[in-house]
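Okay, sequence plus prediction incoming.
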Amino acid sequence: MVDRGHRSLRVWHLAMDLAGAVYQATSSFPRDELYGLVSQMRRSAVSIPSNIAEGYGRGGKDYARFVVIAYGSLLELETQTELSRRLGFLSSDQEPKLLSATAELGRMLNALRASLQNPNP
């Protein structure tokens, strides 16, 4: 059996899906937000699976640290999503979908972090 590394992790796949959804959702933002919320949201979203992958590759205590960083990026994205809705950039159906995905991913990242910090419960 071939080890597929971080690509075998469900949490990484969900993070990749969320990043894709953020790119789609921000594609309709006003042009003057290209270097504002669009850029911030996309960077936050891309940071999540990137940190999961990098932490997996480094292993050990670094893995847990990178999962914490990914979680921080997730919280940034949640805040930016809420702000985007308040400013009228997200439709009423886009925001709940994004926030539902961030909530699920947050639970998974917390569980992964806990398992890495306490490998022998």
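Yep, that arrived.

is it true that residue 15 touches residue 70?
Yes - Residue 15 is within contact range of residue 70, at 7.2 Å (criterion: C-beta atoms under 8 Å). C-beta coordinates here come from the backbone N, C-alpha and C atoms, glycine included.

Quickly find the element holding the spatially most central residue of the chain.
Nearest to the mean C-alpha position of the chain, counting by C-alpha atoms, centre = their mean, stands residue 48 at 3.9 Å. Counting by DSSP states H and E, the element that carries residue 48 is helix 39-58.

right, and the helix or strand after that helix?
Using DSSP H and E, the helix or strand that directly follows helix 39-58 along the chain is helix 60-86.

Packing partners of the following helix or strand past that following helix?
Sequence order places helix 94-117 as the next helix or strand after helix 60-86, per DSSP H and E. If you count contacts as 3 or more C-beta pairs under 8 Å, 6 or more residues apart in numbering; DSSP states H and E, helix 94-117 packs onto helix 10-26, helix 60-86.

No further queries at this time; thank you.
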